[in-house]
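Enquirer: Give me the fold of what follows.
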Amino acid sequence: MFQRYGLRPVTMDDIAKELSVSKKTLYKYFANKEELVERAVERVMDKVSARMVELLKAEGNAIDMLFAMDEVVCANIEAHDHSMQFQLERYYPELYAKLEGRKREMVLKMMHANIEQGKREGLFREELNNDVVAFLYYSRARLMTESDIAEFEQMSMPELMREILIYHVRGVANAKGIAYLQEKLMTTTKTQS
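Expert: So this is what the prediction gives:
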């Protein structure tokens, strides 16, 4: 209901009616609408977090992991609802700040793990500043959800994200990593043809 109608217009009465329960029953589980919104948002965030954690356990090297991470990030950006973000920020600023903090922490953690893995595998440059690179990756993902990217409207989101990912990998990879990237891109191009 929140996704269909927005956060503000949906009342606890509407939710109770939709669930075919009394309002009293609804208040048995949620103290107020804000708590219900928070739990709904956290549930979505938990699903995304679980998918990201699975990537840490997945087979493949650090570059493969970046491609897999980018698929998850791209899917989230494509599904991103700007009006929902606006409503959260405007009507539930504390929840919005908590959510953004959680997203930031998750992405930075993933990127730190990825950079360390890439260095261990001899694919990434040893002199990389992990904090800077992780922050740049996070900032890029955030920028894609917050800004007007009309300059690239002729591209699909997956195409745009792929170009940015290739740019990122070329920036962090050493010669061995770039060779692997080139091989991966050639293999991917052949299987898509």
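
Enquirer: C-alpha only now, for contacts and for neighbours.
Expert: OK.

Enquirer: Show me what the host helix or strand of Thr25 is in contact with.
Expert: Secondary-structure assignment from DSSP states H and E places Thr25 in helix 23-29. Contacts with helix 23-29, where a contact means Cα atoms under 8 Å, 6 or more residues apart in numbering, come from Met12, Asp13, Ala16.

Enquirer: Could I get the buried residue list for that helix?
Expert: Leu26 (16 or more other Cα atoms under 10 Å).

Enquirer: ok, back up a step: mark which of the contacts of helix 23-29 are part of helices, please.
Expert: Applying DSSP state H to those, the entries found in helices are Met12, Asp13, Ala16.

Enquirer: Now the buried members of those.
Expert: Met12, Ala16.

Enquirer: Check which element follows the helix or strand hosting Tyr137 along the chain.
Expert: Tyr137 is part of helix 130-146, with elements assigned from DSSP H and E. Following helix 130-146 in sequence order, the next helix or strand is helix 157-172 (DSSP H and E).

Enquirer: So which other helices or strands are in contact with the helix or strand just after that following helix?
Expert: Next along the chain after helix 157-172, taking DSSP H and E as the criterion, comes helix 175-192. Here helix 175-192 touches helix 157-172, going by 3 or more Cα pairs under 8 Å, 6 or more residues apart in numbering; DSSP states H and E.

Enquirer: residue closest to the middle of the protein?
Expert: By Cα atoms, centre = their mean, the mean C-alpha position of the chain lies nearest to Val73, the distance being 4.0 Å.
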